[in-house]
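Q: Structure here, sequence nowhere to be found:
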């Protein structure tokens, strides 16, 4: 199930200072040449969010989502977010190829379970 609308509503309730980028994500941002400002802007203003797939979270009071932010048909960013009282960005991936089928396939496999 695509949780896009739910995640957009949740993300809009947070401010810029509520976004935390994990140490792992900071390393990945440097490797993948992604700006941390770009990630924070995408999370705070989720107009590019195309898919949000709910994942199993470690604690019962948090929600974990695999989110795809589309820039074009061949470029997107994929963020794994944990939403509690703040937004924690676990990792970020830059995808530079046709990404829609990747997200749709993952979405279908989540519905089968």
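A: Yep, it's here. Nothing here was measured: the structure is a model prediction, and the numbers come from that model.
Q: make it CA atoms for all contacts and neighbour counts henceforth
A: Noted.
Q: which residues are in contact with stretch 24-44?
A: Residues outside stretch 24-44 that contact it (C-alpha atoms under 8 Å, 6 or more residues apart in numbering) are 11-12, 14-16, 19, 48-49, 69, 89-94.
Q: can you give me the helices in the protein?
A: Listed in chain order, the helices of the chain (DSSP state H) span 4-12, 23-32, 36-44, 100-112.
Q: Other residues contacting the longest one?
A: Contacts of helix 100-112 with the rest of the structure, by C-alpha under 8 Å, 6+ apart, involve 1-2, 51, 53, 68, 73.
Q: Whichever of those end up buried, select them in PyMOL.
A: A single PyMOL command is used to select the members of those judged buried by 16 or more other C-alpha atoms under 10 Å:
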select buried, resi 2+51+53+68
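Q: circling back: for residue 62, which of the helices of the chain is the nearest?
A: Taking C-alpha to C-alpha as the criterion, residue 62 comes closest to helix 4-12 out of the helices of the chain, the separation being 12.2 Å.
Q: Which other helices and strands does the closest one contact?
A: If you count contacts as 3 or more C-alpha pairs under 8 Å, 6 or more residues apart in numbering; DSSP states H and E, helix 4-12 packs onto helix 36-44, strand 49-55.
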